[in-house]
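Asks: just the structure for this:
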Amino acid sequence: MSFCTHRGDGGETELLGGKRVPKDHPLVAAVGEIDEFNALLGVVLAFSERPNDREMLIEVQKDLFLIGTELSGNGKARISKRINSNRVAELEQGLDSIEKELPTLTHFILPGGSRIASLFHLARTVCRRAERSIVTLSKKQKIDPQILIYLNRLGDLLFMMARKANREKRVEEVIWKGNRIPGR
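Replies: Modelled structure (predicted):
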């Protein structure tokens, strides 16, 4: 069978189970955002030098495949049992571990710095866009709430990984001087 089927030439695509939907359907947008995010994590991996980061990011890529598959199954696939409160807790542990190593933020910081930190920041923003797209989709179909919680924590973790990368590369964070973080 050829990879090029020509079945999408009319602006539709096929979901798991054979249902066809327009390519601009919120479900296709959400799955596409997850796919883009996963591809960007591949770029991050290409530049990452830390073995622990690499292992964690590969596991996240596997998670994203499961999320995309579950979404494509219109919430019926339920194969993403891996995306649960335990998996979210793993992300939170990683987040807490990194946060303990870094100075407390008292100002907003500009995304950027070292090459790898900049890629982590970019991945964070694409993660957030995927999360927003799934929130939009959740208004049309039932979404496992653990998926949104997972993506929310993952965005936070990527932010901390960017900060840690800059610290390890001895690149100073650029403080946005327009305002302080409220409450600090």
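Asks: which non-adjacent residue is nearest the residue positioned nearest the centre of the chain?
Replies: Note on the chain: the residue nearest the mean C-alpha position is residue 127, at 3.2 Å, using C-alpha atoms, centre = their mean. Take residue 127 and drop its neighbours on the chain: the residue closest to it by C-beta to C-beta, 6 or more residues apart in numbering is residue 155, 4.5 Å away. Using the backbone N, CA and C atoms, a C-beta is placed for each residue, glycine as well.
Asks: picking up where we left off before, did I read that right, the residue nearest to the centre of the chain in a helix?
Replies: Yes: counting by DSSP: H, G, I helix; E, B strand; the rest coil, residue 127 is found in a helix.
Asks: for residue 49, phi and psi?
Replies: phi -110, psi -10 (degrees, to the nearest 10).
Asks: which SS class is the closest residue to it other than its chain neighbours?
Replies: With C-beta to C-beta, 6+ apart as the criterion, residue 49 has its nearest non-adjacent residue at 7.3 Å, and that residue is residue 116. Using three-state DSSP, the three-state assignment for residue 116 comes out as helix.
Asks: thought residue 165 was touching residue 116, still the case?
Replies: Yes: proximity of residue 116 to residue 165 meets the contact threshold set by C-beta atoms under 8 Å, at 4.7 Å.
Asks: of those two, which one has the most company?
Replies: Shown here are residue 116 and residue 165; by other C-beta atoms under 10 Å, residue 165 has more neighbours (26 against 22).
Asks: any idea which element that one lies in?
Replies: Using DSSP states H and E, the element containing residue 165 is helix 145-168.
Asks: now swap in residue 143 and tell me
Replies: When elements are defined using DSSP H and E, residue 143 is found to belong to no helix and no strand.
Asks: do you know the pLDDT at it?
Replies: At residue 143 the predicted local confidence, pLDDT, stands at 91.
Asks: repeat for residue 24
Replies: 79.
Asks: show me the shaky parts of the protein.
Replies: Scanning the chain for pLDDT under 70 picks out the ranges 1-10, 13, 74-80, 179-184.
Asks: for it, just list every one of the strands.
Replies: With DSSP state E as the definition, the chain shows strands at residue ranges 12-14, 20-22, 107-109, 175-180.
Asks: I'd like to know which of the ones you listed is closest to residue 133.
Replies: Proximity to residue 133, assessed across the strands of the chain by C-beta to C-beta, is greatest for strand 20-22 (14.8 Å).
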